[in-house]
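Colleague: could you look at this predicted model? Sequence included:
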Amino acid sequence: MKNTFILSIAICFFFINSLNAFSQKNKTFDPNYKLLESKSKVQDKNFYLLTAMQQVPAIQQILSTNKKLSIFLKAKKAEITKNANTCGENPECHLLTFLWKDEEVKLISGILKH
């Protein structure tokens, strides 16, 4: 369950990043950088995993060139766009778009394992 959650977060981040939701430019490595820490090791790991997905070109290349993943992301984008236009001010409707169904998690897990 924990791995499924982390995988879901990672894919969501990749999806959001593919929508150009981030306006910051990539920064260079800073050897004096102090790691940020929360009280949750899982949250800390997710933060750095998602940062790596955003900033490491090799990871972006692997994820962005996978045809099955691209098809899935295109469908998810279409679903989000549709709900953005039809949900109005209903937050539950918008939230349901971002919650992953079990079959979606299995699909993405299978894609990333190969």
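Modeller: Right, received. Where do you want to start?
Colleague: what is the mean pLDDT for the one helix or strand Ile9 maps to?
Modeller: Taking DSSP states H and E as the criterion, Ile9 maps to helix 2-18. The pLDDT scores in helix 2-18 average 65.
Colleague: before we move on, what about stretch 38-49?
Modeller: Stretch 38-49 comes out at a mean pLDDT of 79.
Colleague: and that stretch, what's buried?
Modeller: Applying a neighbour-count criterion of 16 or more other C-beta atoms under 10 Å, one finds 46-47, 49 buried in stretch 38-49. All C-beta atoms are positioned from the backbone trio N, CA, C, and that covers glycine.
Colleague: closest one to Asn32 out of these, please.
Modeller: Taking C-beta to C-beta as the measure, Asn32 lies nearest Phe47 of these, at 18.9 Å.
Colleague: in contact with the closest one, which residues?
Modeller: Contacts for Phe47 were tallied using C-beta atoms under 8 Å, 6 or more residues apart in numbering; they are 36, 38.
Colleague: what separates it from Asp30, distance-wise?
Modeller: In this view, Phe47 and Asp30 are 16 Å apart by C-beta to C-beta, to the nearest Å.
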